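Engineer: Predicted model follows, preceded by the sequence.
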Amino acid sequence: MKNCEYQQIDPRTLVVSPSSAQKHTEKEAERPRRKWEVFPGKNRFFCGGRIMLARQSGVLPLTLGLIVFTCGLFFGFDCSFLVEHLTVFIPMIAAVLFLFVVISLLWTSFTDPGILPRATPDEAADIEKQINTSGSSTYRPPPRTKEILINQQVVKLKYCFTCKMFRPPRTSHCSLCDNCVERFDHHCPWVGNCVGKRNYRFFYSFIISLSFLTSFIFGCVITHITLRSQICKSLVQAIQESPASVVELVVCFFSIWSILGLSGFHTYLVASNLTTNEDIKGSWSSKRGADESGNPYSHSNIITNCCATLCGPMPPSLIDRRGFVPPDEAIPAASASEIELPLFTAKNDAHMVG
Amino acid sequence: MAETHSLQDLQQPAVSSKVFIQRDYGSGTICRFQSKFPSELESRLDKQQFEETIQTLNNLYAEAEKLGGKSYLEGCLACLTAYTIFICMETHYEKVLRKIARYIKDQNEKIYAPRGLLLTDPIERGLRVIEITIFEDRSVGSGR
């Protein structure tokens, strides 16, 4: 029975210990916490976990600012002239495109890109056990990788040391956000978020609509300046009368090249059901000129690929931001601190009073 | 040997071990679970019952992720409304997930709980695994 004896707690230390600390732990044990408050990745949450962003918002304010600024100049300085001389549909089309661009941008930035929650301790232990016991065959792949067959193609799954699980196919760990993201495309600083399975369609809508918007504004401003210079019979005077148009021209001219290029590239990716990550790594580039498409995820034709990527069912968010942390995870922490309090009271007193 | 009894033992059965049914990626990234019968459940459950549960779950997930007229319509409508319908409407996938949750609850009540097992909904584990908790069998006789 000697082994099971409990350590005697001096009742005097309980009286001396600060009651505020005990009340604090009781309060913490009582208040149920939502999962976003204890999320391990580098993300920021707003509106009670409904909106999420990467920790570094990158240049999202710049992107939003540029779009709003350029469109503001367009509506303020060019539209009045164009409505007078051409048609009222011009600002209407521009307004619709502008709204679509901003909404797509916000959806892309604030949506969960397809983050995989980290493995629970039990899961991680089970996987460790399987890794250690699987080394009995004559050939074994390097530790912490698993080879599987997808549509008769060998795919290597890597073990993620941060998330403690084997990454599903097409999943990659983003070091900036410290999360594994499904169907990881890339981390976009312009949008301030990763682009993955859940927000790829928003991202694609954003760049396509932005291409249309910049081209449309560019065309309208050129038309405006041309018409004005015909009226004033001088290009310089036309520019002097409407200096804002020059600013818009410069912004649009430099954006168009990059945005149109990006749209074209992503259209190719969508049509062949690839991600930027896979394309850069050359995962499915034809090996020895064998199959025309080594990509095991590609469907039979381009239309199906496009529909699957852009119009497929919207997968749910797996991280359940607004759910409550289960009580059995919260209790061990609370009970441990309650047990520790009387033992460490003497030391704590000095820190807390001082 | 002195026996220690904690209050928890008297209130609920202790967890003996957990079995994890992993995902089957043979057909790509669609949600599918392996139907291999784990050896730890041999003493508790019929192989056929287990396979039926897994097969039904796989079929339900396939229904959620099906590419067809309905999902394309939903996708196109969403695109036209600048995806604002996702705020107001429940997606097809979410509807099927609720169906899956009901099915798992039903299976737990009818088949798994009477055998001292508990199925955890895969959505609570990020659709990575189906966690089956095996509780200590009290009827055999306690004491370790």
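Structural biologist: Arrived safely, thanks for sending. Residues are numbered from 1 along each chain as shown, chains lettered A, B, ... in the order given.
Engineer: Any idea how far stretch B:65-72 is from the middle of the chain?
Structural biologist: Distance, stretch centre to chain centre, for stretch B:65-72: 23 Å (C-alpha atoms, centre = their mean, to the nearest Å).
Engineer: So which bits of chain B are right by chain A?
Structural biologist: B:2, B:4, B:18, B:20, B:23, B:25-29, B:64-67, B:71-72, B:74-76, B:78-79, B:82-84, B:86, B:91-94, B:97, B:123-129, B:131 (C-beta under 8 Å from any C-beta of the partner chain). Heads up, the C-betas are built off the backbone N, CA and C, glycines and all.
Engineer: Please flag which of those sit within helices.
Structural biologist: B:64, B:71-72, B:74-76, B:78-79, B:86, B:92-94, B:97 (DSSP state H).
Engineer: Drop anything exposed from these.
Structural biologist: Buried residues within these, counting neighbours by 16 or more other C-beta atoms under 10 Å in any protein chain shown: B:Ala64, B:Ser71, B:Tyr72, B:Glu74, B:Gly75, B:Ala78, B:Cys79, B:Phe86, B:His92, B:Tyr93, B:Leu97.
Engineer: measure the closest residue to the fifth one other than its chain neighbours to B:Gly28 for me?
Structural biologist: Nearest residue to B:Gly75 in three dimensions, chain neighbours excluded: A:Cys311, at 2.9 Å (C-beta to C-beta, 6 or more residues apart in numbering or on different chains). As defined by C-beta to C-beta, to the nearest Å, A:Cys311 lies at a distance of 18 Å from B:Gly28.
Engineer: swap in B:Asp137?
Structural biologist: 39 Å.
Engineer: Now the residue nearest to A:Arg33 when sequence neighbours are not counted: phi and psi?
Structural biologist: Counting by C-beta to C-beta, 6+ apart, A:Val325 is the residue found nearest to A:Arg33 once chain neighbours are left out, at 4.8 Å. A:Val325 has phi and psi values of phi -70, psi 130 when expressed as degrees, to the nearest 10.
Engineer: same check, this time on A:Arg44
Structural biologist: phi -110, psi 140.
Engineer: Around it, count how many other residues there are.
Structural biologist: Residues near A:Arg44, counting by other C-beta atoms under 10 Å in any protein chain shown, number 14.
Engineer: do the same with B:Ile134
Structural biologist: 21.
Engineer: ok, now B:Arg115?
Structural biologist: A total of 16 residues lie near B:Arg115 under the criterion other C-beta under 10 Å.
Engineer: How confident was the prediction at it?
Structural biologist: Listed pLDDT for B:Arg115 reads 89.
Engineer: go on, A:Pro11?
Structural biologist: 60.
Engineer: Check A:Pro141 too.
Structural biologist: 57.
Engineer: One more: A:Arg34?
Structural biologist: We have a pLDDT of 82 for A:Arg34.
Engineer: bridging residues for it?
Structural biologist: A:Phe324 (DSSP bridges).
Engineer: Hmm, A:Ile319 and it touching each other?
Structural biologist: No. Using C-beta atoms under 8 Å as the test, A:Arg34 is too far from A:Ile319 to be in contact (11.2 Å).
Engineer: More neighbours: which of those two?
Structural biologist: A:Ile319 (22 against 16).
Engineer: Do any residues in stretch A:117-125 lie close to chain B?
Structural biologist: Yes. With C-beta under 8 Å from any C-beta as the criterion, chain B is reached by stretch A:117-125 at A:Pro117, A:Ala119, A:Thr120, A:Asp122, A:Glu123.
Engineer: Buried among those? Make that a PyMOL selection.
Structural biologist: Buried members of the residues of stretch A:117-125 next to chain B, defined by 16+ other C-beta under 10 Å, are picked up in PyMOL with:
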select buried, chain A and resi 117+119+120+122+123
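Engineer: Which strand or helix spans the residue lying closest to A:Val251 once chain neighbours are set aside?
Structural biologist: Leaving aside its sequence neighbours, A:Val251 sits nearest to A:Thr70 (C-beta to C-beta, 6+ apart; 5.0 Å). Taking DSSP states H and E as the criterion, A:Thr70 maps to helix A:60-73.
Engineer: who's in contact with that helix?
Structural biologist: The contact list for helix A:60-73, computed with C-beta atoms under 8 Å, 6 or more residues apart in numbering or on different chains, reads A:53, A:94, A:98, A:101-102, A:105, A:109, A:190-192, A:210, A:213, A:217, A:244-245, A:247-248, A:251-252, A:255.
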